[in-house]
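K.L.:
Make a model of this:
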Amino acid sequence: MSDQNWQATTSWHALERRAATLNEIRRFFSERDVLEVDTPALMRAGATDLHLDSISASVHVAGRKQTMYLQTSPEFALKRLLATHGRSIFQIAKAFRDGEAGSRHNPEFTMLEWYRPGLSFEQLMAEVADLVKALLKVDEVEFHSYRTLFQQTLDLDPFVATEQQLEALCLQKTGCDMTGEPVSHCLDLLMSHCVEPELGVNRVSGEHKLTFVYDFPASQAALSKVQVVDSIKVAKRFELYVGGSELANGYDELIDGEEQQQRFLRDLDERVAQGKPKVAWDDKLVAALNHGLQECTGVALGIERLLMLRYGYQSIADVIAFPFDRV
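P.N.:
A predicted model of the protein is given here:
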């Protein structure tokens, strides 16, 4: 270990900027009567999502050993609060994801997440735009469906393309042989390599803009509703891109407890099939949805990525005091 490895990686000026940004976010929600809340980082259920890996912890209480999980986001607990009180809430929370460390990722990071009962899918996108435009000083905003972007960028309809078409396009555009891989994996590869890099950037000026992508394939619903749009099942969720980078992920929230439980169980089956560890699924969230959660929308936004975009930092180590290699 070097003699300087104990020091924080971020400057005092960056810490001041972070504090100022968090104050602006809190002011934004205070003006809209959205209450800041706090939920546990350590819970008995983990993330079943195939693309997320929870960090587990062994907890001993009253002589009993329990496996618990650091939360990949505060989503489950926030929805239980919603089912209890039915009011608009937000949290600036620590989140934890295994296997994520690099210039833009850290196993521990900070997430802004908020939920708005009675706010429509379109109204939530508008609210996200209001917040991010003010923080990033960006005026240009655009909205595209997932389907339209694939048609414009790759001359492909992602909802009707065959496995063979997708595999051939993956090989042509990325050099990756996706033979036998699920359709969703092919779409993810094409999205990340061919579509995302062009999002959130004005091609003429090179300046940042806000690009919302909505109505994803139903297979990517996660915790959002699935609806039929133009005779195609789509996930009612959106992602916000700025400068070729995903900044926020929002849902028209699933409120059906039975469907939520089925999705958890399907995810666990897929995790086993792919050799991933099983985790405990959140039966308390399912119970909360069965009790009754009113129609609502919600969104999560990465604070460190926001700071990097706002101030032009190139590494997450510039905006957090102690990244993974210094903790």
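K.L.:
What are the buried residues along the longest helix seen in the chain?
P.N.:
Ordering each helix of the chain by length in residues (DSSP state H) puts helix 12-31 first. Of all the residues in helix 12-31, those buried under the rule 16 or more other Cβ atoms under 10 Å are Ala14, Arg17, Arg18, Thr21, Ile25, Phe28, Phe29. To be clear about C-beta, it is placed using only N, CA and C from the backbone, and glycine gets the same treatment.
K.L.:
pLDDT of it, averaged?
P.N.:
The predicted model assigns helix 12-31 a mean pLDDT of 98.
K.L.:
what's the spacing between it and its chain's center?
P.N.:
21 Å (Cα atoms, centre = their mean, to the nearest Å).
K.L.:
And stretch 246-256, by the same measure?
P.N.:
Counting by Cα atoms, centre = their mean, stretch 246-256 comes out at 8 Å from the chain centroid.
K.L.:
How about stretch 307-325?
P.N.:
Centroid separation for stretch 307-325 versus its chain: 18 Å, with Cα atoms, centre = their mean.
K.L.:
Show me the strands in the stretch 201-327 of the chain, by range?
P.N.:
Counting by DSSP state E, counting those that start in this stretch, the stretch 201-327 of the chain has strands at residues 210-217, 226-229, 232-242, 245-252, 296-302.
K.L.:
which one of those lies closest to Leu42?
P.N.:
Closest of these to Leu42 is strand 296-302, at 18.7 Å (criterion: Cβ to Cβ).
K.L.:
partners of that closest one in the sheet?
P.N.:
Within its sheet, strand 296-302 is paired with strand 108-117 (antiparallel), strand 245-252 (antiparallel), according to DSSP bridges.
K.L.:
So for that strand, mean pLDDT?
P.N.:
Averaging pLDDT along strand 296-302 yields 98.
K.L.:
any idea of the angle it forms with strand 232-242?
P.N.:
40 degrees (axes from the mean of the first three to the mean of the last three Cα atoms, to 10 degrees).
K.L.:
chain center to the one helix or strand Thr148 maps to, what's the gap?
P.N.:
Taking DSSP states H and E as the definition, one finds Thr148 inside helix 146-154. Relative to its parent chain, helix 146-154 has a centroid offset of 21 Å by Cα atoms, centre = their mean.
K.L.:
Going by contacts, tell me the helices and strands next to it.
P.N.:
Contacts defined by 3 or more Cβ pairs under 8 Å, 6 or more residues apart in numbering; DSSP states H and E place helix 146-154 against strand 210-217, strand 232-242.
K.L.:
per-residue confidence averaged over whichever helix or strand comes after that helix?
P.N.:
Once the chain leaves helix 146-154, the next helix or strand it forms, by DSSP H and E, is helix 163-174. Here helix 163-174 scores 94 as its mean pLDDT.
K.L.:
elements contacting helix 163-174?
P.N.:
Judged by 3+ Cβ pairs under 8 Å, 6+ apart, helix 163-174 is in contact with helix 183-190.
K.L.:
how far is the helix it packs on from where the chain is centred?
P.N.:
Its chain's C-alpha centre and that of helix 183-190 lie 17 Å apart, by Cα atoms, centre = their mean.
K.L.:
Same question for stretch 97-117.
P.N.:
For stretch 97-117, the distance from its own C-alpha centre to the chain's C-alpha centre is 8 Å (Cα atoms, centre = their mean).
K.L.:
Now do the buried residues in it.
P.N.:
Residues of stretch 97-117 classed as buried by neighbour count (16+ other Cβ under 10 Å): 97-98, 100, 105-117.
K.L.:
Just give me the least confident of those.
P.N.:
Note: of the buried residues of stretch 97-117, the lowest pLDDT belongs to Glu100, at 75.
K.L.:
Just the CA atoms of the helix holding Thr148, as PDB, please.
P.N.:
The C-alpha trace of helix 146-154 is given here as PDB (Å, rounded to 0.1, in the frame of the first residue of the first chain):
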ATOM      1  CA  TYR A 146     -37.200   2.200 -28.200                       C
ATOM      2  CA  ARG A 147     -38.800   0.800 -31.400                       C
ATOM      3  CA  THR A 148     -38.300   4.000 -33.400                       C
ATOM      4  CA  LEU A 149     -34.600   4.300 -32.400                       C
ATOM      5  CA  PHE A 150     -33.800   0.800 -33.600                       C
ATOM      6  CA  GLN A 151     -35.600   1.400 -36.900                       C
ATOM      7  CA  GLN A 152     -33.700   4.700 -37.400                       C
ATOM      8  CA  THR A 153     -30.300   3.500 -36.200                       C
ATOM      9  CA  LEU A 154     -30.200  -0.100 -37.400                       C
END
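K.L.:
which residues touch that helix?
P.N.:
When contacts are defined by Cβ atoms under 8 Å, 6 or more residues apart in numbering, helix 146-154 is touched by residues 144, 156-159, 169, 173, 190, 194-195, 198-199, 213-217, 232, 234.
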